[in-house]
Structure formats: C-alpha cells, structure tokens
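Undergrad: sequence? don't have it. structure:
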C-alpha cells in the first residue's frame, strides 16, 4: 500500500463513520448481488461436476472482469486527475467494508430486546445471521448478536482491509466479490456444488484474517475490562467446534472474553464461562469489536508509515 493508500483508507473510514451503509441503488455490492443473480440463471440444471466448474468459472470470470479494468482504469485516472482518483477510491473502498453498519445492526437487535419487542428483534436479526430467527428466544437472539460482532468483524472489516493493505483497492474488491459469492451461493443445499468453489476460496482468503481477528479480540478484551485470559483459552481450546474452519476462532475468543456461552442450536456450543448472557454482554461485545477494529487500523497505518520511512 502506497502512502496515498493510507489517505484513501482514512477517507473510507471517515465516510463509513459518517454515513454507514450506502443505499442499494448506489452500493457496488448490491450491484454485484444483482450480477450474481443473473449469472446463476445460467447454472447447469444437473451434473455435480458441471455445476462445480460453472461455479468456479463464474467466480474467476467475475473477479477478472471487475478487478482488471479497475486496476488499469484507476492507474489511468491517477495520471489525469488525482483528486477524482482519490474520491472514487475512497468511495469504492468504503463499500468493501462496513463497521458502522455492523454495529448499528447489532444495536437495533439489542434495543428491540431491551424494549421487550422480541418479534422486532427476530426480524432485525435476519440482517446478522443466516439461520431462521423466527423462533429464537431472547437469549438466542443475544447470542446471535454477540456471534455477529465476533464473526462479522473478520469478513466485514478485518479481511477487506487486510487485502487492501497487501494488494490495494483491487485486492479488497476481489475479496468482497468472493465473499459475496460465498454468502449467496456458498452454503450447503440448493447450490452446494455450484457454490463449493466460492466457499473454499472464501475459507482460504479468511484463514489469516480470522486468526488476526481472534487475536485482536483477545487483546481488546484487556482494554475493555473483559477477560483476555479466558478469551485466549476458549479460542485455543474450542475454535474447531464450528463447521467453518475460520468462524470459531473469533467467536470463541469473544465467548471467553465475556465469560458466556454462545450457541447455535444443533450446530455448536462455545463455552466461554458460566455468566448468563445479557443485554450488557451484547453491549460489551460491541465495545470489544470496535476496539479490535481500531487496533487493526492503527496497525495498518503504523506499518505503512514505517515502510515509508524505510524506503
């Protein structure tokens, strides 16, 4: 990441803090979702091998069709109008991550629960988790909110900025493309074979960011008056309890940090302690999430300054 990338990062963070999520009409990820829906209409009706190779080709082609023109287009724009280059880059980078949007989604679920509006909380929780929320209890909704603070910290913030730091804006955008493919077609079920390539690519791309996220949560726990030792123990001992090779790291770290149990019925139970989950625990998970994100930004900025001095 060049020094100009640091300015773009700061601008994107400021834009996210001020505006949160961009309306779908102007959101590149929403456009990407529409494109993926169109591409899926060409999916082979049968044949697991054909479906797998179709899914792989779809991901690779979409990444190339977006990233290659973007790379050369931005390089050209930088030479003719640096100001427009920076403005466009800030806007595009902001739309690869969402910190305020994640915090706000958790906040809305928490406020509904605090007001004893469980039906509203169930509806709002759909923005956070893929599971059926219609029958979740208060405690299960709180667990879902805390899990989202932990797991989505990685793919909504840590990972896109990790790839931005390594490969610039095209890196962040390619990550977001693959992550969106995984979110839309990467689950078991209807698109199991068509989405398998996207799911495996998403697992590979999140391997390092997921573990970074967990370590950041452990560290942030100390700053937020939580339990860093419990966070570390739970992370090391229980990260393999989830089907995902990545999600368990940050969720276990958060469970141990707060000393609570996080559970998805029939799939996993992450035991961070014996404390009863509560609205206060959700609030503390938000604080740990924001502190982790702040630490990550400081680390990226510090690394860029040091590299700049070494050049």
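TA: On my side now, so go ahead. All of these numbers come straight from a predicted model, not from anything done at the bench.
Undergrad: just for the stretch 201-311 of the chain, where's the confidence low?
TA: The model of the stretch 201-311 of the chain has pLDDT under 70 over residues 308-311.
Undergrad: 90 instead?
TA: Scanning the stretch 201-311 of the chain for pLDDT under 90 picks out 243, 265-266, 302-311.
Undergrad: Where do the strands of it begin and end?
TA: Using DSSP state E, counting those that start in this stretch, the strands found in the stretch 201-311 of the chain span residues 261-264, 268-271.
Undergrad: Which among the ones you listed is found nearest to residue 91?
TA: For residue 91, the closest of the strands of the stretch 201-311 of the chain is strand 261-264, at 35.1 Å, according to CB to CB. Using the backbone N, CA and C atoms, a C-beta is placed for each residue, glycine as well.
Undergrad: just how off-centre is that closest one within its chain?
TA: The chain centre lies 19 Å from the centre of strand 261-264; the measure is CA atoms, centre = their mean, to the nearest Å.
Undergrad: buried set for it?
TA: By neighbour count on 16 or more other CB atoms under 10 Å, the buried set for strand 261-264 is 261, 262, 263, 264.
Undergrad: Kindly report the same for stretch 237-244.
TA: So, applying 16+ other CB under 10 Å, buried residues of stretch 237-244: 238, 239, 242, 244.
Undergrad: The first one: what's its closest spatial neighbour, skipping adjacent residues?
TA: Put plainly, it is residue 238. residue 252 (4.5 Å; CB to CB, 6 or more residues apart in numbering).
Undergrad: who touches residue 101 in this structure?
TA: Neighbouring residues of residue 101 by CB atoms under 8 Å, 6 or more residues apart in numbering: 16, 20, 21, 156.
Undergrad: Looking at the buried residues of stretch 237-244, which are in helices?
TA: In helices, defined here by DSSP state H, the members of the buried residues of stretch 237-244 are residue 238.
Undergrad: and which of the buried residues of stretch 237-244 is nearest residue 38?
TA: Distance to residue 38, by CB to CB, is smallest for residue 244 among the buried residues of stretch 237-244, at 27.9 Å.
Undergrad: In space, what's closest to the closest one - neighbours in sequence excluded?
TA: Nearest to residue 244 is residue 203, by CB to CB, 6+ apart, at 7.3 Å.
Undergrad: before we move on, back to that, what's the closest of the buried residues of strand 261-264 to residue 52?
TA: residue 264 (27.4 Å).
Undergrad: And the residue lying farthest from the centre of the chain, how far from residue 73?
TA: Using CA atoms, centre = their mean, the residue of the chain lying farthest from its centre is residue 80. It sits 34.0 Å away. Look at residue 80 and residue 73: by CB to CB, to the nearest Å, they are 11 Å apart.
Undergrad: what do you get for residue 203?
TA: 30 Å.
Undergrad: Same check on residue 197?
TA: Noted for residue 197: a distance of 27 Å to residue 73, by CB to CB.
Undergrad: Can you list the buried residues in whatever helix or strand residue 139 lives in?
TA: Secondary structure from DSSP states H and E places residue 139 in helix 138-153. By 16+ other CB under 10 Å, the buried positions in helix 138-153 come out as 140-153.
Undergrad: what does stretch 17-30 give?
TA: Buried-residue list, stretch 17-30, by 16+ other CB under 10 Å: 20, 21, 22, 28, 29, 30.
Undergrad: where along the chain do the helices fall?
TA: 3-19, 28-40, 48-80, 82-94, 100-114, 118-124, 138-153, 159-185, 196-223, 228-238, 247-258, 279-310.
Undergrad: which strands and helices sit next to the shortest one?
TA: Contacting helix 118-124 under the criterion 3 or more CB pairs under 8 Å, 6 or more residues apart in numbering; DSSP states H and E are the following elements: helix 100-114, helix 138-153.
Undergrad: Same check on the third one?
TA: In terms of contacts (3+ CB pairs under 8 Å, 6+ apart), helix 48-80 is packed against helix 28-40, helix 82-94, helix 159-185, helix 196-223.
Undergrad: Format those as CSV; extra columns: distance to residue 283.
TA: CSV is the format used below for these (distance: least, CB to CB, whole Å):
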stretch, distance to residue 283
helix 28-40, 28
helix 82-94, 26
helix 159-185, 25
helix 196-223, 14
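Undergrad: Compare the mean pLDDT across these and name the weakest.
TA: With a mean of 88, helix 28-40 has the lowest mean pLDDT of the helices and strands packed on helix 48-80.
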